[in-house]
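Colleague: What would the 3D arrangement of this be:
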Amino acid sequence: MHEVIAEDSRYANAQLGGADIYATLSNGHSVRGHLWRCGMPDAPRLLLLPGFTEFCEKYAHVMARAVSLGFDCLAIDWPGQGRSGHLGRKAVAVHCDKFDNHIHALEALITEADWQDAPMHLLAHSMGGHLALRAAHYFGPRILSLALSAPMILPTPKPVRGVLWLARMLKLCGLSRSHVPFTSVPELETATSFVPSNQLTTDPAGFAWQTHWFKTQPDLRRYGATVGWVYAAYHSALKTVLRPSYLAAITAPAVLFQPEDEQVVDKEAIATAAKHLPQGVCVPIAKARHELLNETPQIDAQMWTELTRFWRAQGLSLTA
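Modeller: Numbers count the residues shown, from 1 in each chain. Here you go, the predicted model:
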């Protein structure tokens with residue numbers, strides 16, 4: 001293990017402590033999740049939705065913290081990510097035809113976990129935040145609250161309709177499952193080397209935690225979106241989370257964490273979305289980049305203080 005991870009108590013002994021579960025989808029593919037129960041009766045359920053390219057292992061430290069607070073926790077590897085298989089033309093490419101498929105995969109996994117009739121709280125990051133808003137709209141009152149870390153209301157390239165038009169043209173050319181043109185997959189050594197100017201986190205240990213998996217379990221590595229994913233993401237944004245009326249129908253309490261130095265998703269769209277959610281609030285996090293749950297110990301402590309305050313405000317009796 002990377003020495004900066006070993007020296008950080010958040011990561012040194014972090015590992016998944018529950019059990020993997022798999023659900024079979026209507027197309028014959030399977031989707032993987034990880035279910036970690038806290039062992040207490042009638043525990044609240046927390047559904048953890050990772051971001052683009054991510055996988056359950058990356059969230060071992062987050063799940064461990066949530067379980068210690070008294071949650072039963074279920075995380076998902078989105079279709080085409082982690083142990084839910086490869087859907088792009090190249091194994092590392094992340095592909096989907098439409099984000100509806102992600103919601104249906106989530107529904108199948110929830111049913112496999114026997115949570116299909118249960119109320120749930122959502123904790124989500126980046127693309128997972130986009131899908132959390134869609135899940136809240138889809139599942140309705142079963143979603144009791146949403147805590148969204150740097151949610152991808154919209155990716156950064158603009159103009160939105162111009163990107164969507166270009167992606168549609170490339171799809172018509174048969175490139176849907178191919179990487180976006182001019183995508184260059186970095187060598188492993190480059191991808192796992194901390195550079196202070198990186199877009200993800202200011203913390204070397206937080207960066208190492210995310211990338212050491214590529215060496216220890218290389219099948220988990222994904223890099224870059226396909227043309228189809230880009231089309232799906234922008235189409236979903238225009239039809240759902242960029243519409244005030246869509247967000248206004250989501251009545252669950254929601255906290256949206258906005259990194260001050262956000263460089264991966266549209267920063268202003270986070271604050272705008274919070275304004276349109278009936279019970280939404282935007283919480284800026286100073287000196288932070290995109291990976292709020294893998295930032296410096298100070299930012300990490302702030303995040304967990306805000307999260308526990310938010311969950312207690314929903315009436316949860318947390319154990320720590």
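Colleague: Relative to residue 177, how far out is the closest residue to residue 286 other than its chain neighbours?
Modeller: If the residues on either side of it in the chain are set aside, residue 286 comes closest to residue 260, at 4.9 Å by Cβ to Cβ, 6 or more residues apart in numbering. Placement of C-beta: from N, CA and C, glycine included. Counting by Cβ to Cβ, to the nearest Å, the gap from residue 260 to residue 177 is 36 Å.
Colleague: Of these two, which one has the most company?
Modeller: Taking other Cβ atoms under 10 Å, residue 260 and residue 177 do not tie; residue 177 has more neighbours (19 against 12).
Colleague: So the more buried one versus residue 171, what's the distance?
Modeller: In this structure, residue 177 and residue 171 are 10 Å apart, going by Cβ to Cβ.
Colleague: what do you get for residue 148?
Modeller: The gap separating residue 148 from residue 171 is 29 Å, by Cβ to Cβ.
Colleague: In terms of packing, which of these two has more residues around it?
Modeller: Using other Cβ under 10 Å, the more surrounded residue of residue 148 and residue 171 is residue 148, with 31 against 18.
Colleague: what helix or strand does that one sit in?
Modeller: Using DSSP states H and E, residue 148 falls within strand 143-149.
Colleague: after that strand comes which helix or strand?
Modeller: Strand 143-149 is succeeded, C-terminally, by helix 160-172 (DSSP H and E).
Colleague: elements contacting that next one?
Modeller: helix 227-239 (3 or more Cβ pairs under 8 Å, 6 or more residues apart in numbering; DSSP states H and E).
Colleague: Count the neighbours of the closest residue to residue 87 other than its chain neighbours for me.
Modeller: Distance criterion Cβ to Cβ, 6+ apart; nearest residue to residue 87, sequence neighbours excluded, is residue 80 at 3.8 Å. Residues near residue 80, counting by other Cβ under 10 Å, number 25.
Colleague: Kindly report the same for the one 5 residues further on.
Modeller: Neighbours of residue 85 under the rule other Cβ under 10 Å: 14.
Colleague: How much space separates the closest residue to it other than its chain neighbours from residue 220?
Modeller: Counting by Cβ to Cβ, 6+ apart, residue 85 lies nearest to residue 29, which is 6.0 Å off, once chain neighbours are set aside. Separation of residue 29 from residue 220 (Cβ to Cβ): 17 Å.
Colleague: Look at these two and report which has more neighbours.
Modeller: The neighbour comparison of residue 29 against residue 220 (other Cβ under 10 Å) goes to residue 220, with 18 against 15.
Colleague: if I look at the more buried one, how far off is residue 81?
Modeller: 9 Å.
Colleague: swap in residue 226?
Modeller: For residue 226, the distance to residue 81 - Cβ to Cβ - is 12 Å.
Colleague: which residues do the two both contact?
Modeller: Common contact partners of residue 226 and residue 81 (Cβ atoms under 8 Å, 6 or more residues apart in numbering): residue 94.
Colleague: For burial, what's the neighbour tally of residue 165?
Modeller: Residue 165: 13 neighbours (other Cβ under 10 Å).
Colleague: same check, this time on the one 3 residues further on
Modeller: Here the neighbour count serves as a burial measure; for residue 168 (other Cβ under 10 Å) it reads 16.
Colleague: List the residues that contact it.
Modeller: Taking Cβ under 8 Å, 6+ apart, one finds residue 231 in contact with residue 168.
Colleague: re the thing from before, how far does the strand holding residue 148 sit from the chain's center?
Modeller: Taking Cα atoms, centre = their mean, to the nearest Å, one finds the center of strand 143-149 at 12 Å from the center of the full chain.
Colleague: Pull the residues that contact that strand.
Modeller: The list of residues contacting strand 143-149 from outside it, by Cβ under 8 Å, 6+ apart, reads 119-126, 129, 132-133, 135-136, 250, 252-257, 292-293, 303, 307, 310-311, 314.
Colleague: picking that back up, surely the residue nearest to residue 85 is in contact with residue 86?
Modeller: No - look at residue 29 against residue 86 with Cβ atoms under 8 Å: they stay out of range, at 10.3 Å.
Colleague: In the protein, which residue sits furthest out from the middle?
Modeller: residue 173 (30.1 Å; Cα atoms, centre = their mean).
Colleague: mind listing what residue 278 touches?
Modeller: Shown in contact with residue 278 (Cβ under 8 Å, 6+ apart): 248, 250, 251.
Colleague: Just the buried residues out of these, in PyMOL syntax.
Modeller: Here is the PyMOL command that selects the buried residues among the contacts of residue 278 (16 or more other Cβ atoms under 10 Å):
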select buried, resi 250
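Colleague: With pLDDT and secondary structure as extra columns, can I get the contacts of residue 278 in JSON lines?
Modeller: Below are those laid out as JSON lines (pLDDT from 0 to 100; DSSP: H, G, I helix; E, B strand; the rest coil):
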{"residue": "248", "pLDDT": "98", "secondary structure": "helix"}
{"residue": "250", "pLDDT": "98", "secondary structure": "coil"}
{"residue": "251", "pLDDT": "97", "secondary structure": "coil"}
